[in-house]
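Peer 1: give me a 3D structure for the following:
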Amino acid sequence: MNLALSPTLAACRPRQWPKNLLVFAAPLFSFRFEIEIWQRAIAALVAFCLISSAIYLLNDCLDVEVDRVHPSKRHRSIAAGLVTVPTALATALMLTVVSLSFAAVITPKLAGVVLLYGLIQVGYCLKLKHQPLLDLFAIASGFLLRAIAGAVAADLPLSPWFLLTVGLLALFLAIEKRKAELRVTKNAGVTTRRVLKRYSLPLLLRLESLVATSSFMSYSLWAAGPALKGASTSWMLLTVPFVLVGIFRYQLLSDPEEVERRDTLRPDLNGEKPEEILLNDRGIQFTLIGWVLTTLLIGLVNHAAA
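Peer 2: So this is what the prediction gives:
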């Protein structure tokens with residue numbers, strides 16, 4: 001996206017919108033393919049794209065001075081002076097009102113989830129992002145609430161194992177983000193995030209190992225089927241290898257030595273942004289496609305047999 005052509009839209013970070021696709025997790029995991037359910041899930045997607053963009057605008061306004069000395073964030077619209085702070089705040093307020101109003105039309109419960117997401121993220125922007133560990137949980141909660149929003153909008157039940165899996169995988173990505181930021185900070189010689197002073201690579205590696213293992217185990221327990229109050233069919237165990245390969249692949253790509261090698265070959269990619277890896281790595285893309293196709297096939301077979 002060309003920042004000079006559309007600085008305000010760029011400040012809303014549309015490249016981050018794929019994170020909101022998590023609202024489709026509940027219908028997909030429940031094998032519900034009715035048009036009405038997916039229409040309501042799409043409505044939740046729109047609401048979260050709007051509210052998340054509002055939060056990004058607020059965050060960039062609060063961090064404008066710090067971002068201006070960051071090696072990559074200084075190019076953001078607000079930090080670069082392409083969008084003024086008052087304009088960004090006004091846009092954020094407008095997006096928040098539209099998001100909440102739109103969500104309320106779908107169902108008041110969805111509006112409640114959107115509001116809770118907004119409050120937590122505002123707390124993150126103001127205070128939580130400076131608190132070690134709490135910052136990780138605040139980031140993870142955003143992903144978890146996206147998954148819950150999809151279920152609430154479509155009026156679908158949620159398995160505890162499903163919620164635990166989403167939360168743990170989100171926590172895993174948050175840890176990876178901090179690990180990459182720590183690397184960028186050391187390379188640049190400038191600390192642009194205060195909380196990084198409380199983290200070390202050995203600590204983050206220990207947290208990463210714990211959360212990655214827990215994520216895989218919780219997903220496997222969900223995939224085991226109804227016997228463990230998980231998926232509606234134990235055939236979902238066929239998708240477990242894709243999850244394991246995906247976790248392994250991401251850890252390979254975020255390994256410090258691999259990052260240095262990749263930076264030499266592809267300086268345009270930045271391990272500080274998990275979405276960049278997810279969107280640009282062919283290995284993860286193929287793994288995700290394999291998981292989706294397998295899940296859809298299981299869902300269709302399960303639906304036909306019902």
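Peer 1: in what helix or strand does the residue nearest to Ile284 when sequence neighbours are not counted lie?
Peer 2: In space, and not counting its chain neighbours, Ile284 is closest to Arg249: 5.4 Å by Cβ to Cβ, 6 or more residues apart in numbering. Every C-beta, even on glycine, is put in place using the N, C-alpha and C of the backbone. With secondary structure defined by DSSP states H and E, Arg249 is part of helix 240-254.
Peer 1: buried ones in that helix?
Peer 2: Val240, Phe242, Val243, Val245, Gly246, Ile247, Arg249, Tyr250, Leu253, Ser254 (16 or more other Cβ atoms under 10 Å).
Peer 1: export the residues you listed to CSV and tack on pLDDT and distance to Leu133?
Peer 2: Conversion of the buried residues of helix 240-254 to CSV gives the following (pLDDT from 0 to 100; distance: Cβ to Cβ, whole Å):
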residue, pLDDT, distance to Leu133
Val240, 96, 29
Phe242, 96, 30
Val243, 94, 25
Val245, 94, 29
Gly246, 92, 25
Ile247, 90, 21
Arg249, 90, 26
Tyr250, 86, 21
Leu253, 83, 24
Ser254, 78, 19
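Peer 1: before we move on, the earlier item: my guess is the residue nearest to Ile284 meets Phe286, correct?
Peer 2: No: in this structure, Arg249 sits apart from Phe286 without contact. The criterion is Cβ atoms under 8 Å, and the distance is 9.5 Å.
Peer 1: where does pLDDT dip in this protein?
Peer 2: By pLDDT under 70, the weakly predicted segments of the chain are 1-5, 188-192, 262-279, 306.
Peer 1: show me it divided up by domain.
Peer 2: 7-158, 159-306 (automatic domain parsing).
Peer 1: which residues make contact with stretch 297-306 from outside it?
Peer 2: When contacts are defined by Cβ atoms under 8 Å, 6 or more residues apart in numbering, stretch 297-306 is touched by residues Leu28, Phe31, Phe33, Ser232, Thr233, Trp235, Met236, Leu238, Thr239.
Peer 1: before we move on, the earlier item: pick the most buried one from the domains of the chain.
Peer 2: Comparing the domains of the chain by mean neighbour count (mean count of other Cβ atoms under 10 Å), domain 7-158 comes out on top with a mean of 19.
Peer 1: start and end of it, how far apart?
Peer 2: Terminal residues of domain 7-158 lie 39 Å apart, using Cα to Cα, to the nearest Å.
Peer 1: thinking again about what came up before, out of the contacts of stretch 297-306, which one sits closest to Leu203?
Peer 2: For Leu203, the nearest member of these is Thr239. The distance, counting by Cβ to Cβ, is 31.6 Å.
Peer 1: now do the contacts for that closest one.
Peer 2: The contact partners of Thr239, by Cβ under 8 Å, 6+ apart, come to Ala223, Trp291, Thr294, Thr295, Ile298.
Peer 1: can I get the residues you listed in CSV with secondary structure and distance to Val46?
Peer 2: Written out in CSV, the entries for these read as follows (DSSP: H, G, I helix; E, B strand; the rest coil; distance: Cβ to Cβ, whole Å):
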residue, secondary structure, distance to Val46
Ala223, helix, 30
Trp291, helix, 25
Thr294, helix, 28
Thr295, helix, 24
Ile298, helix, 28
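Peer 1: what does stretch 114-125 contact?
Peer 2: Residues outside stretch 114-125 that contact it (Cβ under 8 Å, 6+ apart): 47-48, 51-52, 54-55, 58-59, 62, 96, 99-100, 103, 128, 135, 138-139, 141-142, 145-146, 149.
Peer 1: can I get it as PDB, trimmed to CA atoms?
Peer 2: Once side chains and other backbone atoms are set aside, the C-alpha atoms of stretch 114-125 remain, and they are given as PDB (Å, rounded to 0.1, in the frame of the first residue of the first chain):
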ATOM      1  CA  VAL A 114     -16.400  -5.600  20.800                       C
ATOM      2  CA  LEU A 115     -16.600  -3.200  23.700                       C
ATOM      3  CA  LEU A 116     -14.600  -5.500  26.000                       C
ATOM      4  CA  TYR A 117     -12.000  -5.800  23.300                       C
ATOM      5  CA  GLY A 118     -11.800  -2.100  22.900                       C
ATOM      6  CA  LEU A 119     -11.500  -1.500  26.600                       C
ATOM      7  CA  ILE A 120      -8.700  -4.000  27.100                       C
ATOM      8  CA  GLN A 121      -6.800  -2.700  24.100                       C
ATOM      9  CA  VAL A 122      -7.200   0.900  25.300                       C
ATOM     10  CA  GLY A 123      -5.800  -0.300  28.600                       C
ATOM     11  CA  TYR A 124      -2.900  -1.900  26.700                       C
ATOM     12  CA  CYS A 125      -2.200   1.300  24.900                       C
END
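Peer 1: so what's the gap between stretch 193-208 and the chain middle?
Peer 2: In this view, stretch 193-208 has its centroid 20 Å away from the chain centroid, taken as Cα atoms, centre = their mean, to the nearest Å.
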